[in-house]
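# no sequence for this one, just the structure:
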Ligand SMILES: Cc1ncc(COP(=O)(O)O)c(C=O)c1O
């Protein structure tokens, strides 16, 4: 058997380590996972009720086009239903976008470091990857623009950026969109957009009328707390959405996920309480890092990337042995770890254990 030559070197995606694996491997009873930017408050109660209600029709295929959910979201966002596509998480939209828009040899531009799946899916399509280093942990939009050539098909912007948590402002983004050639598809990934509370932040949906080459991605995995159900969406010009729909698997989102997402959209109180809890968590972590003399990227998401001034794999392992799972190992940031905001008790436990391991692992 011979797989495609361009996938042979690809790593298998390494998710944040599952809690059960860590408990078993290290013989621990208590393990806290602060590695995948999940919502420590869970999901909306009305989403849970909707999931239970959906179970009686488990034997029937879901609505492949997510008609009811699309209508509810279109009304909420004030866009047309033809501007929306759902996927099994926004990861699925990223995969489909690469599949629909990138052919072998096409160029695609992204930041370095950013969410790994832009590069991964572009490599599967055998596109030429152009990575542009972050500047102070932020997307360097002028440098990314300078890399556009007639072969550029897709350009990815993660806002807030994973792993650094930084944002680009509305002003920066509008200037960029005006300058970028209209035949380059700009994918604006707002997986953490609902957490941002900053006047300068751009809402990509508000820019869609002016830019038919803009595709905004969002997810129910983060603030809505539905990560295990796998549901996210893209919003763009109807032509862009149609192209992506042409490569979509027929039943790519489940009935339970659609029902939970629709119920979540109607629960603004849950969203607001998560936003406030997250802001308090980010504030707490950043205050503790200040106290400990550690620098970090000011975060607008539900995670913070902090410089522990020691090789991050060593800190990662030492934390793991104490039952705390974080993320580490970024080429450009060898001494940084990324920690997700947990409950206040989890955040405090993380800080206490980080202080211990900082003593243990010398500079
Ligand atoms: C920036 C970004 N985009 C997209 C995703 C994918 O999320 P999902 O597929 O669960 O919607 C993630 C997940 O961590 C992310 O960090």
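Everything's here; your move. If you're wondering where the values come from, they're calculated on a predicted model, not measured in any experiment.

# residues from the stretch 51-200 of the chain in reach of the ligand?
In this structure, the stretch 51-200 of the chain approaches the ligand at residues 89-91, 115, 158, 162, 189, 191, judged by Cβ under 6 Å from any ligand atom. All C-beta spots, glycine's among them, are computed from the backbone N, C-alpha and C.

# tell me how far the ends of stretch 221-235 are from each other?
Across stretch 221-235, the terminal residues are separated by 17 Å (Cα to Cα, to the nearest Å).

# Run the chain-centre distance for that stretch.
When distances are taken as Cα atoms, centre = their mean, to the nearest Å, stretch 221-235 is centred 10 Å away from the chain's centroid.

# would residue 154 count as being in a strand?
Yes. Checked against DSSP: H, G, I helix; E, B strand; the rest coil, residue 154 lies within a strand.

# Identify all contacting residues around the helix or strand that residue 304 is a member of.
With the criterion set as DSSP states H and E, the secondary-structure element containing residue 304 is strand 303-307. Defining contact as Cβ atoms under 8 Å, 6 or more residues apart in numbering, one finds that strand 303-307 is touched by 34, 37, 137, 162-165, 282, 285-286, 289, 294-297, 299, 333, 335-341.

# Repeat the analysis, applying 6 Å as the threshold.
37, 163-165, 285, 289, 294-297, 335-336, 338-340 (Cβ atoms under 6 Å, 6 or more residues apart in numbering).

# ok now stretch 122-136, how far from the chain's centre?
17 Å.

# State the mean pLDDT of that stretch.
Along stretch 122-136, the predicted confidence averages to a pLDDT of 97.

# Over to stretch 338-354?
The predicted model assigns stretch 338-354 a mean pLDDT of 98.

# Kindly report the same for stretch 154-163.
Stretch 154-163 comes out with an average pLDDT of 98.

# And for stretch 290-309?
Averaged across stretch 290-309, the pLDDT comes to 98.

# tell me how far the ends of that stretch are from each other?
One end of stretch 290-309 to the other measures 14 Å (Cα to Cα).

# check which helix or strand covers the closest residue in space to residue 250 that isn't next to it in sequence.
Of all residues beyond its chain neighbours, the one nearest residue 250 is residue 64 (4.9 Å), with distances taken as Cβ to Cβ, 6 or more residues apart in numbering. Residue 64 is part of no helix or strand when elements are defined by DSSP H and E.

# do the same with residue 86
strand 84-87.

# model confidence over that strand, on average?
98.

# what's it packed up against?
For strand 84-87, the elements it packs on are helix 67-77, strand 232-236, helix 238-246, judged by 3 or more Cβ pairs under 6 Å, 6 or more residues apart in numbering; DSSP states H and E.

# helices or strands next to the host helix or strand of residue 290 in the packing?
Residue 290 belongs to helix 268-291 when elements are defined using DSSP H and E. Helices and strands in packing contact with helix 268-291 are listed as helix 344-360; criterion 3+ Cβ pairs under 6 Å, 6+ apart.

# before we move on, back to that, which other residues reach the strand holding residue 86?
In this structure, residues lying in contact with strand 84-87 by Cβ under 6 Å, 6+ apart are 66, 70, 73-74, 93, 232-235, 241, 244-245, 252-253.
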